[in-house]
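Asks: Just the structure for this:
(one chain, ligands or ions: 1)
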Amino acid sequence: MSESRHIDPVVLAMVMAIVTPIVIVYMHQKRAPSRSRQTASTGPLPPSQRGFLPYVGVALTFLKDINAFLDKKRTEHPNDGPFRFLVAGKWWSVVYATEDIKLVLNGKESELSFLKGFEELMEGLLPKAFTFVPRHHFFLPLFREGNMEWFCRLLAAEVEIQVPLLFRLPAYAHDTLKRPVQSLSTPSMHENASSNLIDLFETCRHVVMRLNLRVLLGPRILQDGLYGQYYAAFDTIDPEKGLVDTMTSLLLGPKKKEEAWATLREITRQVLEHYEEKESDARGGGYRNDGTMKAQGAQEQQEPPECVLDLLVRQSNVPLDVEEVAGDVFAFVLAAFTNTYAVLAWSLWELAGNPEVRERFLAECGRLQQQKEREQREHHPRPPQSRGRGESYPEEKLLERNNETVTSFLAVVDGCKVARAIIEEVIRLHTPGLFFRKVVAPSGILLSTGHQVPVGDFLAFSARYIHTSPALHTNPDRFDIERHLMEREKKRADLSALQWGGGRHPCLGARFAVMEMVMIMRRIYQDGNVSRVTEMIETHKGQLGTSDKPVRPVYVALERAV
Ligand code: HEM
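Replies: Numbers count the residues shown, from 1 in each chain. As a prediction, the model looks like this:
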């Protein structure tokens, strides 16, 4: 009897060891500000869920599949009312009413650029996950109107080199794409073969990465093996692998992450030094003792800048900080790459499966090509140089030739209405999941439902819900480019088109992204055709800010025109 009442001290210690930290964490977990700390206008909080685990809250189900979590929760609240939940010490409020979504997008009460968002998210779960601060204050201002034609020419020249290579690569050989461009110029495929099998998404991933790095850091990045190193390092810390994966790998391998950052920094340093030396020579002297550059020398700068970094160095009067530039490059690649390659791949997939859409796209390409040639003939009576298939196009020569013409490359790309509609429809169907901001107004935000979201909460809405809502789109599951060609439908559904975000933080690279994708699509169809080999795609839905990706490789055949 007495033995049964005895509590084993080891068991007691174990129980205490488990329970004590839980109680401590629970007592210290962040709570919503008390009513007394809110202003007079406060309404009730949205219905809240703290989850079973203190501090962790509902993190496990939320991060596992954000879309499934939202779908389930939405149905639990009447009339699509707002709800609130705890994820790793941070409170999130999700809204569905149109007025409230507009408040998130336009209102000054909530704020957050998406890069800062990553830092904030990680801070809750893994402090200092980004030891290397992503920024976007250097490069993105360069994306203003005056530079777009130049961007367009840079891209056009590189697309001329990259895309024809796709038709000559051996099947499945993605490692090949990591090689320097010179070695790729030698066809590795049998000349008589008429089609090349590729893993669509993986190939688009490489092509877009190559193009973006070329535009940012110049041709050297592709020529001396730096590309392979950059790509591998970026891959190690790419958050698009999914938040859970990223956090696990960061937790398990902080050393790996440090090494990856060091590689990115070192590559950026090499390229930056190259352009600083070039600029210093052009100005006839380099920096003064106070660090500022000497005035421009006798040697005038004739050549257009080779890349964004070159342009940046030319415009800067002080030496640039490697750490900051490397962070900016990372931020740019992250923003410019993860969605663009998926949207490009989905667009090619849709073109391959929709003959009617493909016909309209090809007709548009033909029309614009004729228009361009007509303008060229009028302004340059001599015949355009021949472009034999299989000929390799040295980039500099192409840029030279492009500069001769008066036709605006940008005007041609902007004229691609069908191609743009394909892209916008693809983004609608495979949209980035959740948009979020952080409430900064001290009094919080009063929602249309009368609920009050307190300062410090993440305020979010589901772009997927809007893009697939039957109230806003006729047959929302159907791929139909018509809805983007008809102004009427857009006007009817004021909030239906969030492909590029909206309000105070729209996508800054939308025009660049469209330009890049349209050029690649047109160039592929200039040399041949794409046909589906994989029949159906099993999709992994995009989570925070990323588009849908396939679960398994998706194969298509690139058929060369005969
Ligand atoms: C198909 C490709 C792309 C898609 C679908 C896309 C989509 C978006 C969306 C929806 C937002 C708003 C997110 C929000 O409100 O929370 C956004 C923001 C942003 N995008 Fe894109 N984007 C793409 C390509 C690019 C490219 C190529 C660049 C850079 C050249 C870029 C740079 C940015 C930046 C810097 C922001 C944040 C703006 C801010 O914080 O104020 N994006 N993008």
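Asks: switch to C-alpha atoms for all contacts and neighbour counts from now on
Replies: Will do.
Asks: who's in contact with the helix or strand hosting residue 511?
Replies: If you go by DSSP states H and E, residue 511 is part of helix 510-527. Helix 510-527 is contacted by residues 148, 151-152, 155-156, 159-160, 163-164, 336, 340, 344, 348, 362, 365, 389, 410, 413-414, 416, 419-420, 423, 500, 560-561 when judged by Cα atoms under 8 Å, 6 or more residues apart in numbering.
Asks: Any of those residues buried? List them.
Replies: Buried positions within these, assessed by neighbour count (16 or more other Cα atoms under 10 Å), are 148, 151-152, 155-156, 159-160, 163-164, 336, 340, 344, 348, 362, 365, 410, 413, 416, 419-420, 423, 500, 560.
Asks: how about the strands in the chain?
Replies: 48-49, 83-87, 90-94, 110-111, 195-199, 434-439, 445-446, 452-453, 458-462, 528-532, 539-540, 549-550, 555-560 (DSSP state E).
Asks: May I have the residues that are in contact with residue 499?
Replies: 424, 427, 428, 431.
Asks: can you check residue 457 too?
Replies: Here residue 457 is in contact with 90, 91, 92, 93, 438, 439 (Cα under 8 Å, 6+ apart).
Asks: Go again with 10 Å.
Replies: 32, 84-86, 90-93, 110, 437-440, 444-445 (Cα atoms under 10 Å, 6 or more residues apart in numbering).
Asks: My understanding was that residue 257 contacts residue 232; is that so?
Replies: No - in this structure residue 257 lies outside contact range of residue 232 using Cα atoms under 10 Å: 11.3 Å.
Asks: how about the residues of the stretch 451-562 of the chain that lie near the ligand?
Replies: 499, 500, 501, 505, 506, 507, 508, 509, 510, 512, 513 (Cα under 6 Å from any ligand atom).
Asks: can I assume the fourth one is in contact with residue 111?
Replies: Yes - taking contact to mean Cα under 10 Å, the distance of 9.0 Å between residue 505 and residue 111 places them in contact.
Asks: Can you check which residues contact both of these two?
Replies: residue 105.
Asks: Which residue of residue 257 and residue 232 possesses the greater neighbour count?
Replies: residue 257 (21 against 15; other Cα atoms under 10 Å).
Asks: Give me the local confidence score for the more buried one.
Replies: According to the prediction, residue 257 has pLDDT 74.
Asks: Tell me the buried residues in the helix holding residue 511?
Replies: Those would be 511-525, 527, for helix 510-527 by 16+ other Cα under 10 Å.
Asks: just stretch 308-326 next, same as before
Replies: 308, 309, 310, 311, 312, 313, 314, 322, 323, 324, 325, 326.
Asks: per-residue pLDDT, the first one?
Replies: At residue 308 the predicted local confidence, pLDDT, stands at 90.
Asks: mind listing what it touches?
Replies: Here residue 308 is in contact with 138-140, 142-143, 147, 151, 154, 213-218, 314 (criterion: Cα under 10 Å, 6+ apart).
Asks: How many residues are close by residue 484?
Replies: 19.
Asks: Over to residue 536?
Replies: 9.
Asks: Next, the contact list for it, please.
Replies: 550, 554 are the contacts of residue 536 under Cα under 10 Å, 6+ apart.
Asks: And it, how far from residue 97?
Replies: 35 Å (Cα to Cα, to the nearest Å).
Asks: what's the answer for residue 342, then?
Replies: Distance from residue 342 to residue 97, by Cα to Cα: 29 Å.
Asks: between these two, who's got more neighbours?
Replies: residue 342 (25 against 17).
Asks: re the thing from before, neighbour count: residue 505 and residue 111, which is higher?
Replies: A count of neighbours by other Cα under 10 Å puts residue 111 above the other of residue 505 and residue 111, at 22 against 14.
Asks: how about low-confidence regions in the stretch 351-500 of the chain?
Replies: 376, 379-407, 487-496 (pLDDT under 70).
Asks: remind me which residues of the stretch 151-300 of the chain are low pLDDT?
Replies: In the stretch 151-300 of the chain (pLDDT under 70), the answer is 169-194, 238-254, 284-300.
Asks: Sort out which of the contacts of helix 510-527 are in helices and list them.
Replies: 148, 151-152, 155-156, 159-160, 163-164, 336, 340, 344, 348, 362, 365, 410, 413-414, 419-420, 423 (DSSP state H).
Asks: Can you name the residues bridging to the closest residue to residue 59 other than its chain neighbours?
Replies: Closest residue to residue 59 apart from its sequence neighbours, by Cα to Cα, 6 or more residues apart in numbering: residue 87 at 4.5 Å. According to DSSP bridges, the residues that bridge with residue 87 are residue 57, residue 90.
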